[in-house]
Every structure is written in C-alpha cells, then in structure tokens.
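Trainee: Sharing a model prediction with you, sequence too.
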Amino acid sequence: MTKKVRGRFAPSPTGEMHLGNAWTALLAWLYVRSNGGTMVLRIEDLDPDRSRPEYITGLMADMRWLGLDWDEGPDVGGAYTPYCQDRRRDLYQAALERLAAERLVYPCYCTRAELAASAPHIGDNIYRYAGTCRNRTDAPADRRPALRLAVPEGTIHYEDLIYGHYAQEVSRAVGDFVVRRSDGVHAYQLAVVVDDGLMNINNVVRGADLLDSTPRQLLLYRLLGLTPPTFAHVPLLCGQDGHRLSKRQRDLSLAALRRNGVKAEDITGLLAWKAGLIDRRCPVAAADLINIFALEKLPITPIIVENNCFLAE
C-alpha cells in the first residue's frame, strides 16, 4: 500500500522571504498537492542570533499571498507540534544523548581559525575535518567544545528524484561533522533529521545546494533508527551573476515586490515558466499549476532570473 505523501517547507526566519524561497516553496507545495498529500510548514529557527519572530509572521503572510497553504504548522497546529525548532530542542538533545550513549560523538575544541588553517575548505564556512580531536584526551579549560559525529567509513548511496544516483563517502568528503555547536546550539544536520524523522515526512523537495548534505543526514537517519524520506533537489534560482538568490537581494524579496505592485500570479507565473510547467510567461495562480506539475519537467541546471524581471509588470 502506497503511503500518503507528507512533504514540508522549512524556511529559516533570518530575513524576508525572497524569490528563491518562493521557488522552493512553490515546488514543494505543488509536489504535495499534486499527490493529494499533507503539507507541513516547519520553522527552522534554531539560531537565536539570526532568527526573528517578525520574519516568521512575514513569511507565513507571503506564502498565503502566493496561494500556498499548509495542513500542519506553527499557527494551525497538528499531530507533531511544535512546528518551530526553537521549541524542539529537547528532542535534539535526546537524539544527541542516544548517539553519545553509543560513543558516536566526541568533543572538539578546534577553533574556526584552526580549522581554516588545517583543513581543506569545501563550502561556506565548511571544512573537511581531519579528526584532530577524535582521540584527544586533554580538555582546554578556556574553551567550550562542539560535539562531532565519529563518522564511520563507507559510502552512502541514494536516488534523487531529479538528479538520479548520488554517492558520497562522508568520512572522506567532510570527515567528522558537528552535531552540536560550541555555543550549545544543535546543528542543522541533526535537527533536520530528527524533525523529518519524528514528523513522518516521507518526501523532501529542497534546493540542489543540499545535495551533498544528504549523505550526512542519511547516516544520521541510520544511526538514530529513523526512516529517511525520498529527496528531490531542485535547481537553484540564481541572479545574473550566477550566484543563488539570497535574502541580501532585498529588491527581490516578496515584500518589496508586493509594495511595487507585483501580483502573486505574476510571481507564480514566472516561476512556473522557469520550471518548465508552462511554455510561456504569463500570470497564473498556484492552484492552477497542480494538475500540470511533474518533477520530470524541471531542468537540472541553475536557473537565471534577470535583475529587472518584474520591471515591466
């Protein structure tokens, strides 16, 4: 018997929702709605220094303005409440304690500067860890440790619904990775696995920038005894400079576009055209895309959005 699709959109409230967020939200929503599934909105507000409550309110308003609804979430509740990570820290701690009981985590006292000097740089503030502290016996009194997962050897394989087969030997690609930061905040890799696993999310549609994070998460699913979802990593929406759209590009925030008179149907129409769902750019409501949505129509290369894409709207 085929399980009912449970999908989610899980934004971080660290700025105004922008066109790149809308792209991922729309595709995740269309996948769930086209399969008659349950749509979950979860707020990834783990980082207390960057997350702000007004951004949570704003992104929910923006999603509703776009025509994207949800069946479970922070404002409507559901069987797996709470739907904000800030209120789920005890669940992450329980998972961490399970890993610790099996001696799968260890304290790391390396500073960011030490990591930058000693390890290859593989991404935004991400370094392949050399295992410096794995067998360390001293504990510097002036440093608070992060906790790292002792990654076993072996290759993780998975089938992405868009990009196909993907394989990574996590121990060689990133090494032992952080599951709790030195300031006590649980790492994204741990939190997202615990949340998706305990919420019974069985399909995740998200950006292709997370393709290489997925093997780390699949490893955690296995170690924690949780069932992983299927993954569909969608191509990134990029500006004319080739870099992915971010919250720093405030003129492409939904709030700014809205203030400038751009309609929700103009945005969903542009995104649907870029996704290959319609053959020409035109205004279209999100609900009108449900019956024509198919992952197979999506391109696999990054999608360029012109800086003045709504200038003539």
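Mentor: Nice, thanks for sending it over.
Trainee: The stretch 201-313 of the chain: helices as residue ranges?
Mentor: Using DSSP state H, counting those that start in this stretch, the helices of the stretch 201-313 of the chain run over residues 214-224, 254-259, 264-274.
Trainee: Can you say which of those is packed in most?
Mentor: helix 264-274 (a mean of 22; mean count of other C-beta atoms under 10 Å). Using the backbone N, CA and C atoms, a C-beta is placed for each residue, glycine as well.
Trainee: which other helices and strands contact it?
Mentor: helix 19-34, helix 53-66 (3 or more C-beta pairs under 8 Å, 6 or more residues apart in numbering; DSSP states H and E).
Trainee: Identify the residue spatially nearest to L99, adjacent ones excluded.
Mentor: Sequence neighbours aside, V105 is the residue nearest to L99 in space, at 4.9 Å (criterion: C-beta to C-beta, 6 or more residues apart in numbering).
Trainee: got a list of what that neighbour touches?
Mentor: By C-beta atoms under 8 Å, 6 or more residues apart in numbering, V105 lies in contact with 96, 99, 147-150, 179-180.
Trainee: Ok, R136 next?
Mentor: Contacts of R136 (C-beta under 8 Å, 6+ apart): 106-107, 109.
Trainee: cool, and G36?
Mentor: 4-5.
Trainee: Tell me the predicted confidence for it.
Mentor: As predicted, G36 sits at a pLDDT of 98.
Trainee: same question, L245
Mentor: Predicted confidence (pLDDT) for L245: 81.
Trainee: pLDDT score for the closest residue to it other than its chain neighbours?
Mentor: What sits nearest to L245 in space, not counting adjacent residues and going by C-beta to C-beta, 6+ apart, is G20, at 3.5 Å. On pLDDT, G20 comes in at 93.
Trainee: again with the one 5 residues further on
Mentor: The pLDDT attached to A25 in the predicted structure is 98.
Trainee: Can you get me a residue count around it?
Mentor: 25 (other C-beta atoms under 10 Å).
Trainee: what's the answer for the one 5 residues further on, then?
Mentor: Residue crowding around L30 was assessed by other C-beta under 10 Å; the count is 27.
Trainee: hang on, it packs against I290?
Mentor: Yes - shown here, L30 and I290 form a contact pair, counting by C-beta atoms under 8 Å, at 6.2 Å.
Trainee: Which residues does the spatially closest residue to W70 that is not a sequence neighbour form beta bridges with?
Mentor: In space, W70 comes closest to L41 once its chain neighbours are excluded; the distance is 4.1 Å by C-beta to C-beta, 6+ apart. Beta-bridge partners for L41, by DSSP bridges, are F9.
Trainee: contacting residues around L41?
Mentor: Counting by C-beta under 8 Å, 6+ apart, the residues that L41 touches are 8-10, 60, 63, 70, 72-74, 83.
Trainee: what separates stretch 76-84 from the chain centre, distance-wise?
Mentor: Distance, stretch centre to chain centre, for stretch 76-84: 18 Å (C-alpha atoms, centre = their mean, to the nearest Å).
Trainee: Could you work out the end-to-end span of that stretch for me?
Mentor: End-to-end distance of stretch 76-84 (C-alpha to C-alpha, to the nearest Å): 12 Å.
Trainee: Contacts for that stretch next, please.
Mentor: Applying C-beta under 8 Å, 6+ apart, the external contacts of stretch 76-84 come out as 40-43, 45, 56, 70-74, 88, 198-200.
Trainee: From M60, how far out is P145?
Mentor: 37 Å (C-beta to C-beta, to the nearest Å).
Trainee: Compare the two (neighbour count), which wins?
Mentor: Using other C-beta under 10 Å as the criterion, P145 and M60 rank with M60 on top: 20 against 17.
Trainee: Please tell me how far the more buried one sits from I162.
Mentor: For M60 relative to I162 (C-beta to C-beta), the value is 27 Å.
Trainee: Over to G20?
Mentor: 17 Å.
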